[in-house]
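S.K.: here is a sequence with its predicted model. Questions after.
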Amino acid sequence: MRRFSWFNATSLTLGFAFLYLPMIILVIFSFNSSQLVTVWAGFSTKWYGELFQNEAFLDAAWVTLKVAFVSSTLAAVLGTMAAYVLVRGGRFMGRTLFSGMIYAPLVMPEVITGLSLLLLFIGIGLDRGILTIVLAHTTFSMCYVSVVVSSRLVSFDRSLEEAALDLGCSPMDAFRLVTLPIIAPAVISGWLLAFTLSLDDLVIASFTAGPSATTLPIKIWSSIRLGVSPEINALSTILISIVTVGVISASLASKSAAVRREREMRAAERAEA
Amino acid sequence: MRRFALIAVPYLWLLVLFLVPFIIVLKISLSDIALAIPPYTPTLDLSAGWEGLRAFFAALDLENFWFLTTDDLYWKAYLSSLQIAALSTLLALLVGYPIAYGMAQAPDEWRPTLMMLVILPFWTSFLIRVYSWMGILSKEGFLNQFLLWTGLVSEPLEILNTNTAVYIGIVYTYLPFMILPIYAALEKLDSALLEAAEDLGCSRITAFWLITVPLSKSGIIAGCFLVFIPALGEFVIPALLGGSDTLMIGKVLWEEFFSNRDWPVASAVAVILLMILIVPIILFQRNEQKQREAEGP
């Protein structure tokens, strides 16, 4: 049984303190009753009240959710297709260019992606709004989805698909009945990743959003450029809590799934013996 | 036919929304600024036919790139971005390595929790994580209050709106990218090697430098690139935490575009930034490739 050494315990404590203290301070001060954000003046939830009265924030949040939902769903479909083509597609013309276009957006600075998409939209005369943000977000997040899904496709046993085909499945049925259920967890995590990336994105959205559509990060940005504000602290606290609950429940769910799988495996072994 | 559609849909999507925009940036970087909508010239007029196409190409030149070399601002911005990205990568390595090491040495039942604690900030909004430092580093912020309280300083330090704040911001936001690959490399390390070294008379510190560090090299390299590459083109962190004298190329591009409305120069800045990024990206790919081959069957 390994234990924490003195050195490791210290470096972990300091490291996680560095990662978490700023956010903890932010959460605590969102309950501060004073307008001054660094002086504690007593507990209050008034900033949450003001936040929920602020129509501009609520509108921006709604736009952001719509954009994130549509773009991550599109990205999940396109990304899965791209991953399937890359891993199972065999040779075709322009394959190198295709895989290059999948990996390049992952390392492309956001300012360049944003600028280039904006120039395209202006070039073809497409009015900037929700649609252009959705197109932009789908494009970069489908690449993330495709990386996540292709790592799953590479690792799974191809003979399962072949067996389905031998037993008379059409390629489409084999994909639907065998491949898709196996890669489903990867598609779901790809979707979640795309959703979060879209919720979070400021730079690309700033380039591709017109005056008619403002997303939450753009709204947050324009208000924090002027300095720290208690309303933004409250908003941040809400977002941090959603993510925390989400990540913790996802990890508990995957843990209990692992436990269940192990139990089933053991039961199967017992049944065989 | 179905296979064709499967390939064509994502292919066309990326061609139209990734490659073509990029070619447009390249083209506009060779154009001239104009007081028009769109604010550059020449624009491609397909109705003018072949002659129009020739006139279009004749009007393209490298003028914007010459402009970038004559104005110090751009040189300084590229150099200072490289310097800020390099130094923050080094700092992230110094902070991240002990954390990754501690995680790899931790008792087995602790590891999933530690892993989750590293990944959680990654899912949290980037903007909010950068923002959280504004209240800490400002003149009346918590760090200054704390330092004054301990008596380490007699008057508040100027940290927010300086390059120091930018370093802190980059290290903080990209730390998980440094920790995860190093942890992945350290986790695979066979502890028998360290025991053997100690049996053969190596001190623990020597064994660490002779065995642990070289065997985690691929993780260190991957982590460094994963921090360096995005840090180089970073916009949000220098804009929020840096001062007016913090020069970073992402910020310059943003200002050229949104404040000066000089699209051709903004495009030229983007093209050069990409040319600078190609080297680290290729090196990173090569490192990944080597690692895959080493792990392969």
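M.R.: Structure's in. What do you need?
S.K.: separation between whatever residue of the stretch 1-150 of chain A ends up closest to chain B and A:Ser71?
M.R.: For the stretch 1-150 of chain A, the residue closest to chain B is A:Pro109, as judged by Cβ to the nearest Cβ, at 2.6 Å. The C-beta positions use only the backbone N, C-alpha and C, and glycine is treated the same way. In this structure, A:Pro109 lies at 20 Å from A:Ser71, with Cβ to Cβ, to the nearest Å as the measure.
S.K.: enumerate every residue touching residue 87.
M.R.: Answering for chain A, as no chain was given. Going by Cβ atoms under 8 Å, 6 or more residues apart in numbering or on different chains, A:Val87 touches A:Ser150, A:Leu153, A:Val154.
S.K.: my bad, chain B
M.R.: So, once contact is read as Cβ under 8 Å, 6+ apart, B:Leu87 ends up touching B:Tyr167.
S.K.: now it: how far from chain A?
M.R.: With distances taken as Cβ to the nearest Cβ, to the nearest Å, B:Leu87 is found 17 Å from chain A.
S.K.: sticking with that residue, tell me its helix or strand.
M.R.: helix B:72-105 (DSSP states H and E).
S.K.: for that helix, list every residue counted as buried.
M.R.: Neighbour-count burial for helix B:72-105, counted by 16 or more other Cβ atoms under 10 Å in any protein chain shown, picks out B:74, B:77-78, B:80-82, B:84-85, B:87-89, B:91-93, B:95-105.
S.K.: higher neighbour count, A:Pro109 and A:Ser71?
M.R.: When neighbours are counted by other Cβ atoms under 10 Å in any protein chain shown, A:Ser71 comes out ahead of the other of A:Pro109 and A:Ser71, with 26 against 23.
S.K.: which pLDDT value goes with that one?
M.R.: At A:Ser71 the predicted local distance difference test score is 97.
S.K.: please apply the same query to A:Leu135.
M.R.: With respect to pLDDT, A:Leu135 has a value of 96.
S.K.: count residues in the vicinity of A:Leu58, would you?
M.R.: Burial of A:Leu58, expressed as a neighbour count using other Cβ under 10 Å, amounts to 13.
S.K.: distance check, it against A:Val245.
M.R.: When Cβ to Cβ is applied, the distance between A:Leu58 and A:Val245 equals 21 Å.
S.K.: what do you get for B:Trp66?
M.R.: To A:Val245, B:Trp66 is 55 Å away according to Cβ to Cβ.
S.K.: so which of the contacts of A:Val87 is the most crowded?
M.R.: Going through these with other Cβ under 10 Å as the criterion, the one with the most neighbours is A:Ser150, at 24 neighbours.
S.K.: quick check: that one is in a helix.
M.R.: Yes. With DSSP: H, G, I helix; E, B strand; the rest coil as the criterion, A:Ser150 is assigned to a helix.
S.K.: next one: it relative to B:Phe235, how far apart?
M.R.: Applying Cβ to Cβ, one obtains 29 Å for the distance of A:Ser150 from B:Phe235.
S.K.: next one: A:Glu110
M.R.: According to Cβ to Cβ, A:Glu110 and B:Phe235 sit 7 Å apart.
S.K.: how about the most centrally placed residue in chain B, secondary structure?
M.R.: Within chain B, the residue whose C-alpha comes closest to the C-alpha centroid is B:Pro230; the distance, by Cα atoms, centre = their mean, is 1.3 Å. With three-state DSSP as the basis, B:Pro230 sits in helix.
S.K.: B:Glu195 - how many residues pack around it?
M.R.: By other Cβ under 10 Å, the residues close to B:Glu195 number 11.
S.K.: follow-up on the earlier one: confidence score at the residue nearest to the centre of chain B?
M.R.: With respect to pLDDT, B:Pro230 scores 92.
S.K.: contact partners for it?
M.R.: Taking Cβ under 8 Å, 6+ apart as the criterion, B:Pro230 is in contact with A:Val107, A:Pro109, B:Tyr174, B:Phe177.
S.K.: of those residues - the most surrounded one?
M.R.: For the contacts of B:Pro230, the largest neighbour count, defined by other Cβ under 10 Å, is 25 neighbours, found at B:Tyr174.
S.K.: wasn't it part of a helix?
M.R.: Yes. Residue state for B:Tyr174 (three-state DSSP) corresponds to a helix.
S.K.: quickly find the element holding the closest residue in space to it that isn't next to it in sequence.
M.R.: If you skip the residues right next to it in sequence, B:Tyr174 has B:Val227 as its closest partner in space, 4.4 Å away by Cβ to Cβ, 6 or more residues apart in numbering or on different chains. Using DSSP H and E, the element containing B:Val227 is helix B:217-232.
S.K.: could you name the helices and strands sitting against the helix or strand just after that helix?
M.R.: Under the assignment DSSP H and E, the closest C-terminal helix or strand after helix B:217-232 is helix B:236-241. Applying 3 or more Cβ pairs under 8 Å, 6 or more residues apart in numbering or on different chains; DSSP states H and E, we find helix B:236-241 packed against helix B:126-137, helix B:163-187, helix B:249-258.
S.K.: those helices: which one's closest to A:Val228?
M.R.: helix B:126-137 (4.7 Å; Cβ to Cβ).
S.K.: quick one: is that closest one near chain A?
M.R.: Yes. Interface with chain A: helix B:126-137 contributes B:Phe126, B:Leu127, B:Ile128, B:Arg129, B:Tyr131, B:Ser132, B:Trp133, B:Met134, B:Gly135, B:Ile136 (Cβ under 8 Å from any Cβ of the partner chain).
S.K.: tell me the contacts of the closest residue in space to the fifth one that isn't next to it in sequence?
M.R.: Counting by Cβ to Cβ, 6+ apart, B:Tyr131 lies nearest to A:Ile224, which is 5.3 Å off, once chain neighbours are set aside. Under the criterion of Cβ under 8 Å, 6+ apart, the contact list for A:Ile224 reads A:Ile232, B:Leu127, B:Tyr131, B:Met134, B:Leu240.
S.K.: try it again at 10 Å.
M.R.: With contacts defined as Cβ atoms under 10 Å, 6 or more residues apart in numbering or on different chains, A:Ile224 is in contact with A:Ile232, A:Ser236, B:Leu127, B:Ile128, B:Val130, B:Tyr131, B:Met134, B:Leu240.
S.K.: measure A:Val178 to A:Ile28 for me?
M.R.: 51 Å.
S.K.: just B:Val166 next, same as before
M.R.: With distances defined as Cβ to Cβ, the gap from B:Val166 to A:Ile28 amounts to 25 Å.
S.K.: neighbour-wise, which of the two wins?
M.R.: Neighbour totals were compared for B:Val166 and A:Ile28, and B:Val166 leads with 24 against 13 (other Cβ under 10 Å).
S.K.: please name the residues that touch the closest residue to that one other than its chain neighbours.
M.R.: What sits nearest to B:Val166 in space, not counting adjacent residues and going by Cβ to Cβ, 6+ apart, is B:Gly242, at 4.6 Å. By Cβ under 10 Å, 6+ apart, the contact list for B:Gly242 reads B:84, B:160-167, B:169, B:234, B:248, B:251.
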